[in-house]
Structures are given as structure tokens and as C-alpha cells.
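K.L.:
I would like the atomic coordinates for the input below:
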Amino acid sequence: KAVVSTQSTGEREAEFQRHIKDRVALAKSDFKQLLKEIKCVSHKSKDTLRGPNGDSHMREIRQFLTNDKRGLVLDDLPEERDRILDDYLTELEKYGPPPPPTATRPSKR
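P.N.:
Residues are numbered from 1 along each chain as shown. Got it, this is the predicted structure:
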């Protein structure tokens, strides 16, 4: 049986574009979450990348990204992936080291 569509070509195209936009937004969100999970990425990473060990540190980060599908999803958008990574590293550098675990717990007396 053939299915008859009541949508015009323009409506289908608009729906497809919304779908792609949603998928890209989800991929970016997943990529940001992955960056938070990578142990070698810290507030010192941006400074390390500027130093003599920058290439090896970037290779280490890229290795983590290629071992997880969330890191591979943005392969078709390399500029966007690199921008998100750079923004994240800049944000970590700006805020410095995380507070110690004891600083967030209320004191028990």
C-alpha cells in the first residue's frame, strides 16, 4: 500500500530541518557532558596546551573523545566541536580548581 502524505514538500522540508537542528543540539549537549567526564581535562588544561606538552595533552584528550560515540557525533562539524572544546577549557581555566569536597558539605557538629 502506498501512503499518501498530506504535507507539502515545504512542510516536510521544514520538519526535517527542525529534526536536524534538534539532533545537533542533542549531540552538542552530549559532547559537553563527555568533556565533563574526561579526567585529564582540568582547569590547567588550557595552560598545558599552550606549553611544550600541548600536543601530547591534546592527543590524550582526542583519544578519549574518539573512544566514546558522543565524541564522534560531531565529526561532521569539526569547527563546532573544536569551538565547544575551546570554550569549555576556557571556562575551566576561568573558574580555577573545583572546591574541595569538604567545602560543599555542611559541617557536622
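
K.L.:
which stretches of the chain have low pLDDT?
P.N.:
Applying pLDDT under 70 to the chain picks out residues 1-6, 103-109.

K.L.:
C-terminal to the helix or strand where Glu13 lies, what's the next element?
P.N.:
Using DSSP states H and E, Glu13 sits in helix 9-37. Downstream of helix 9-37, the first helix or strand assigned by DSSP H and E is helix 45-50.

K.L.:
and for that following helix, what are the contacting residues?
P.N.:
Helix 45-50 is contacted from outside by 54, 57-58, 61, 89-90, 92-93, using Cβ atoms under 8 Å, 6 or more residues apart in numbering. In short, each C-beta sits where N, CA and C put it, glycine included.

K.L.:
Buried residues, the helix holding Glu13. List them.
P.N.:
27-28, 30-31, 34-35 (16 or more other Cβ atoms under 10 Å).

K.L.:
Same question for stretch 38-51.
P.N.:
Neighbour counts over stretch 38-51 (16+ other Cβ under 10 Å) mark 38, 41-42, 45-46, 48-49 as buried.

K.L.:
Likewise for stretch 72-89?
P.N.:
For stretch 72-89, a neighbour-count test (16+ other Cβ under 10 Å) marks 73-74, 81, 84-85, 88-89 as buried.

K.L.:
Just put those in TSV and tack on distance to Lys21.
P.N.:
Output for those, formatted as TSV (distance: Cβ to Cβ, whole Å):
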residue	distance to Lys21
Val73	14
Leu74	14
Arg81	17
Ile84	16
Leu85	21
Tyr88	22
Leu89	26
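
K.L.:
just how off-centre is the helix holding Glu13 within its chain?
P.N.:
A distance of 13 Å separates the centroid of the chain from that of helix 9-37, by Cα atoms, centre = their mean, to the nearest Å.

K.L.:
Who are the packing partners of that helix?
P.N.:
Packing contacts for helix 9-37, counted by 3 or more Cβ pairs under 8 Å, 6 or more residues apart in numbering; DSSP states H and E, involve helix 69-72, helix 78-95.

K.L.:
what about Leu77, distance to Ile38?
P.N.:
Look at Leu77 and Ile38: by Cβ to Cβ, to the nearest Å, they are 19 Å apart.
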